[in-house]
Structure formats: structure tokens, C-alpha cells
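S.K.: task: produce atomic coordinates for the following.
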Amino acid sequence: MRCPVDVLWCDRRGKVLRMATLPPRRISRPVLRARFVIEAGAGAARSWEVRPGDVLTVEAGSRDA
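M.R.: Numbering: from 1, shown residues only. Below is the predicted model of the structure:
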């Protein structure tokens with residue numbers, strides 16, 4: 001990545017296990033129970049008011065564009 005990103009590691013139910021803002025060209029250690037990761041622009045998780053322990057639902061967006 002060329003810009004910082006927020007990374008949210010989630011378990012199979014969508015529970016946020018860990019959150020971090022990664023600077024450009026950095027990787028993190030694995031989060032063992034994580035089954036998927038959500039990446040967004042730096043600061044997005046704060047604006048969404050997401051915290052570890054929250055359960056997220058991921059829905060497909062509309063293709064009507």
C-alpha cells in the first residue's frame with residue numbers, strides 16, 4: 001500500500017479481534033483466530049466508531065451504478 005490503512009481482524013462470526021492502523025509498506029503479525037480482514041483508509045474505523053469486541057456484518061453492495 002502507498003498510504004496508511006486501518007485493518008480490522010475478525011473471527012468467523014464477524015467479531016473484531018484486533019484493530020491497527022498500518023503505515024505504508026508494513027505488514028502485521030498473524031491474528032490466529034481471525035478468519036477475515038477488513039481494510040479501509042486510515043481513520044475509517046474511528047469514524048465508524050468500531051471497537052474490538054464489536055460484531056460486524058458484511059453485506060454486498062448494490063451494483064446499480
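S.K.: pull the distance from stretch 47-65 to the chain's centre.
M.R.: In this view, stretch 47-65 has its centroid 9 Å away from the chain centroid, taken as Cα atoms, centre = their mean, to the nearest Å.
S.K.: can you give me the buried ones in it?
M.R.: Val50 (16 or more other Cβ atoms under 10 Å). Yep, even glycine has a C-beta here, placed from its N, CA and C like the rest.
S.K.: who's in contact with the closest residue in space to Ala20 that isn't next to it in sequence?
M.R.: What sits nearest to Ala20 in space, not counting adjacent residues and going by Cβ to Cβ, 6 or more residues apart in numbering, is Val7, at 5.4 Å. Applying Cβ atoms under 8 Å, 6 or more residues apart in numbering, we find Val7 in contact with 19-22, 28, 37-39.
S.K.: ditto for Gly14
M.R.: 55-58.
S.K.: any low-confidence regions in the chain?
M.R.: 1, 64-65 (pLDDT under 70).
S.K.: so where do the helices sit in it?
M.R.: Residue ranges of the helices in the chain, as given by DSSP state H, are 44-48.
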